[in-house]
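Visitor: turn this into a structure:
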Amino acid sequence: MRIVYVFALLTLLLAPSVSISQDQSVNVRDLHRSRFSFVLGGINLIGVSFDTFLSSELNLELSAGLGLGAGLRYHPKGADPDVRWSPYAGGYIGFLAFPEIDLFGGSDGGLICKTNLYIPVGVHYISMSGKFSIALEAGYMHIFKTDDDSSIGIDSDIPMAGIKIRWVIPPLSLW
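Guide: Here you go, the predicted model:
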């Protein structure tokens, strides 16, 4: 007789949650939060990045290439599970490092190291399965000049664009 009571109690407790979960749409950004990307443009000019959705609207990205960078992107339409093309705006801080090249005498063997700030706006597409996504962005980059910098044309404000092609690593959901 106890088994019948336990079964009835479990049915009453679990039935509402099953019916609620069937009525709600699933947001792919919540299912596939973390991914790696190949990046061309953006904070490090070329490289790879790891990003994860902290929520369906807020995305954290860490990148490495011709330097290191980190930033956040805000997707105002990211909470809507039916949105495949999500506009976003973001902000990044980075550190560029690239070889110093003298056009007439070859390379000095040194590195030019610069801190930079990047503010992009873009659009992010995510497939229905969530296993593929691509982001296209354009923005403003400021490369800060250091006090001991004698290089010409390095300290500047430049327009920047980027493309990020991503794939999902299913067992790597951090949150």
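
Visitor: and Pro76, how many neighbours?
Guide: Close neighbours of Pro76, defined as other CB atoms under 10 Å, add up to 12. The C-beta positions use only the backbone N, C-alpha and C, and glycine is treated the same way.

Visitor: helix/strand/coil for it?
Guide: Judged by DSSP: H, G, I helix; E, B strand; the rest coil, the three-state class of Pro76 is coil.

Visitor: list the buried ones in stretch 115-126?
Guide: Neighbour-count burial for stretch 115-126 flags 116-118, 120, 122, 124, 126 (criterion: 16 or more other CB atoms under 10 Å).

Visitor: mean confidence score for stretch 34-53?
Guide: Stretch 34-53 shows a mean pLDDT of 90 in the predicted model.

Visitor: quick check: the gap between Ala89 and Ile112.
Guide: Using CB to CB, to the nearest Å, Ala89 is found at 29 Å from Ile112.

Visitor: reformat the buried residues of stretch 115-126 as CSV; add secondary structure.
Guide: What follows is these, written out as CSV (three-state DSSP):
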residue, secondary structure
Asn116, strand
Leu117, strand
Tyr118, strand
Pro120, strand
Gly122, strand
His124, strand
Ile126, strand
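
Visitor: of those, the lowest pLDDT goes to which?
Guide: Ile126 (88).

Visitor: beta partners of that residue?
Guide: Each beta-bridge partner of Ile126 is listed here, defined by DSSP bridges: Ser133.

Visitor: so what's it up against?
Guide: The contact partners of Ile126, taken as CB atoms under 8 Å, 6 or more residues apart in numbering, are 28-29, 32, 84, 86, 132-133.

Visitor: okay, the buried residues of stretch 115-126 in a markdown table with distance to Leu58 next?
Guide: Formatted as a markdown table, the entries for the buried residues of stretch 115-126 read as follows, by distance: CB to CB, whole Å:
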| residue | distance to Leu58 |
| --- | --- |
| Asn116 | 22 |
| Leu117 | 19 |
| Tyr118 | 17 |
| Pro120 | 15 |
| Gly122 | 15 |
| His124 | 13 |
| Ile126 | 15 |
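
Visitor: so what's the nearest residue to Leu96 once chain neighbours are set aside bridging to?
Guide: In this structure, Leu96 finds its nearest non-sequential neighbour in Gly67, 4.0 Å apart by CB to CB, 6 or more residues apart in numbering. Partner residues in beta bridges with Gly67: Gly65, Leu96, with DSSP bridges as the criterion.

Visitor: number of nearby residues for Gly67?
Guide: Burial of Gly67, expressed as a neighbour count using other CB under 10 Å, amounts to 19.

Visitor: understood, closing this out.
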